[in-house]
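Asker: Here you go, sequence then predicted model.
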Amino acid sequence: MSDSHARETTAILHARGLGKQVDSGERRLDILTGLDLDVFPGESVAILGSSGAGKSTLLGLLAGLDAPTHGELMLFGKSLASLDEDGRAQLRAGRVGFVFQNFQLLPTLTALENVLLPLELTPGKDHQARGRDWLGRVGLGERLDHLPKQLSGGEQQ
Ligand SMILES: Nc1ncnc2c1ncn2[C@@H]1O[C@H](COP(=O)(O)OP(=O)(O)OP(=O)(O)O)[C@@H](O)[C@H]1O
Ligand SMILES: [Mg+2]
């Protein structure tokens, strides 16, 4: 096996020629074209660019929340194009976390319930204890039963 093949198969994220085109009125808009990216275990990667450059669009594609119009994309060695929405959710469960630009908290659920929601897709027990523990670690141990509107902007994030 060649070195480049080994790297390709161990990448957590592997994108080649990734593109996203949208129809915007009369015009076709190329938001992303020909993007190549590999991310390996233990790496930290920051994506920088001016407002409107396409960062959120790219992150949506890499997470399988949105579909590319061009190119190939593998997450944990699996082609995202080969999976339906449930399959992509299963692949992400327990392994991919998001902090959205707007936090996507459900307004009728408490802080603890919001944290526990994605864990329902994850097998295992002690979810309650894990959720309480993690909220405690970010200083929200006294805010478990607060609704999002009863939290500050930073606490919501
Ligand atoms: N569905 C869509 N239809 C038309 N244009 C879109 C669509 N989605 C995004 N765009 C345009 O694509 C560009 C990239 O948007 P994106 O949200 O990815 O930018 P960004 O880099 O995350 O910007 P910011 O730093 O402001 O968050 C923007 O110019 C936006 O107006
Ligand atoms: Mg953005």
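Answerer: Thanks, I have it. Ligands and ions are numbered 1, 2, ... in the order given.
Asker: How many neighbouring residues does Leu62 have?
Answerer: Counted with other Cβ atoms under 10 Å, residues neighbouring Leu62 total 22. Backbone N, C-alpha and C define where each C-beta goes, glycine included.
Asker: what's the answer for Gly139, then?
Answerer: Per other Cβ under 10 Å, the neighbour tally for Gly139 reads 10.
Asker: Contact residues of the chain facing ligand 1?
Answerer: Residues of the chain lying close to ligand 1 by Cβ under 6 Å from any ligand atom are 22, 24, 29, 31, 49, 51-57, 101.
Asker: Kindly recompute the last result at 5 Å.
Answerer: Residues of the chain found near ligand 1 (Cβ under 5 Å from any ligand atom) are Val22, Ser24, Ile31, Ser51, Gly52, Ala53, Gly54, Lys55, Ser56, Thr57.
Asker: Run a quick neighbour tally on the second one.
Answerer: Just to be clear, that refers to Ser24. 9.
Asker: isn't Gly19 right next to Pro68, touching?
Answerer: Yes: Gly19 lies in contact with Pro68 (Cβ atoms under 8 Å); the separation is 6.2 Å.
Asker: hey, what's in contact with both of those two?
Answerer: Shared contacts of Gly19 and Pro68, defined by Cβ atoms under 8 Å, 6 or more residues apart in numbering, comprise Leu32.
Asker: one step back: quick one: least confident of the residues of the chain next to ligand 1?
Answerer: Among these, Ser24 has the lowest pLDDT, at 84.
Asker: okay, Glu120: pLDDT?
Answerer: At Glu120, the pLDDT value in this model is 80.
Asker: mind checking the SS state of it?
Answerer: Three-state call for Glu120 (DSSP: H, G, I helix; E, B strand; the rest coil): helix.
Asker: Chain neighbours aside, what residue packs nearest to it?
Answerer: Excluding its sequence neighbours, the residue lying closest to Glu120 (Cβ to Cβ, 6 or more residues apart in numbering) is His127, at 7.7 Å.
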